[in-house]
Structures are given as structure tokens and as C-alpha cells.
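Asker: build the 3D model from these lines:
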Amino acid sequence: MLDWYEVLFLVIASVLFVNYIIFIVSLLVFYSVSPLNSGFFALTLTLGVVDIFQMLHVYLFLRFPSFGWFTDSIYLQLPPLIVKYGSCAMWELACTQYLAVTAIAINRCSAIAFPHGHKQRWRPRVAHSVVFFVLAGGVIFVSPKMVLKTVEKYHVIDNVTRIEPKVCSRSQFCRGGSYMGRGSSFLGSSAGEGLRQI
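Answerer: Residues are numbered from 1 along each chain as shown. Next up is the predicted model:
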């Protein structure tokens, strides 16, 4: 049984998730239109797609099990290979998010602190190379876990949560929500700044 604040969080997160998808689809639809075809928006689009995949993986492989949903019928029956995929995917996507945010910060620093020649420095070929590095970086980061750790399974630790929530305490969960909110604010403000600067 979920607490009231968990139900509230799920409702708010679902609404924000739909809004986020609409934002990313809008970027995709108008990506060929200036200034949305700039390096900044290429990085923002990359981060947005990775964010969506990360949220889906976190809910499917972490949050739903921690709520005790489908414990006996699904999660305890999952083959170790699928459990390992979920764990590796969440780590890989998290690393990719960090790299993408870092690249966006560098892009904004270039536009604001060194505006002369910014467009030339972040021409499409450079932006696409940075996107490739960001996406490859996550895979490289998680590759030792993929190769060295052979078996991962869900297991019951008590009859309340039913499934181990992967060492994520309530305080960590609240801090994570705070970081996610600040990250969303950063993306919104950066998008507006990007339209003004580019």
C-alpha cells in the first residue's frame, strides 16, 4: 500500500512526464528550423531522450518493485539477464545524463562568456561529435559492470516493501526529486536563454 505522498508524487511525476514528452517531440518536429537546429538544442534533445529512457527504466526496474507491485508474479520471476540489463541500463543512462548536462553547461559558457565565434565552434559537425561522445561515454562507463558482474536478481527483504529498493533511502529519494526539479528548471531556463543567445 502506497503512502499518500507517494501517490501524490506518482500523479505529479506522470503529468510532468507527459509534458516532457511533448517538449521533446516539439524539439524533434521543429529541429530543422533555426535556432532549434543549433548545437545547444542538439544537446538538449539528446538529454531529453536519455531522460525519458532513464525515467522509464527507473520506474520499471526500481520504483515499481520498491512499491511492492507485481512482486511475486513478475519481479521475482525475472531471468537474471533481464535484471542485469535493467541495472546496467540505469547506470549507463545516469552517466549519459551527467555527460549531457556537462556538455550543455560548456555550450552555454561558450555562448555567454565567449560569444564571438560561438556558432563556428559549435557548428553541426562538432555538436554531433559531442553527442556521440556523450552517448558512448555512458556505455564505456557501464561496460565493466556488464562484463564482470554475472548474476543479478531481485530478492525479498521484508513483507512491507517486498522487494529490495536497491539501497535508496527515503531521504535519498527526496533529494533525488529535488535534483530532478532543479534540473527541469535548469533545462527550461537554458532553453529560453538559448533562444535569446543563438
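Asker: now the residue nearest in space to the middle of the chain: how far from residue 45?
Answerer: For the chain, the residue sitting closest to the mean C-alpha position, by Cα atoms, centre = their mean, is residue 51 at 2.8 Å. Taking Cβ to Cβ, to the nearest Å as the measure, residue 51 falls 11 Å from residue 45. Using the backbone N, CA and C atoms, a C-beta is placed for each residue, glycine as well.
Asker: now do residue 37
Answerer: Residue 37 is 10 Å from residue 45, by Cβ to Cβ.
Asker: what residues are shared contacts of those two?
Answerer: residue 31 (Cβ atoms under 8 Å, 6 or more residues apart in numbering).
Asker: okay, these two: which has more neighbours?
Answerer: residue 45 (18 against 14; other Cβ atoms under 10 Å).
Asker: over to that one: give its phi and psi.
Answerer: phi -60, psi -40 (degrees, to the nearest 10).
Asker: now do the contacts for it.
Answerer: Applying Cβ under 8 Å, 6+ apart to residue 45 gives the contacts 24, 27, 28, 31.
Asker: which element is the third one on?
Answerer: Think residue 28. Using DSSP states H and E, residue 28 falls within helix 4-29.
Asker: check residue 110 too.
Answerer: Using DSSP H and E, residue 110 falls in helix 80-113.
Asker: let me see the mean pLDDT of whatever helix or strand comes next after that helix.
Answerer: Where DSSP H and E defines the elements, the next helix or strand beyond helix 80-113 is helix 118-121. Computed over helix 118-121, the mean pLDDT rounds to 90.
Asker: show the subsequent helix or strand relative to helix 118-121.
Answerer: Defined by DSSP H and E, the subsequent element after helix 118-121 is helix 124-148.
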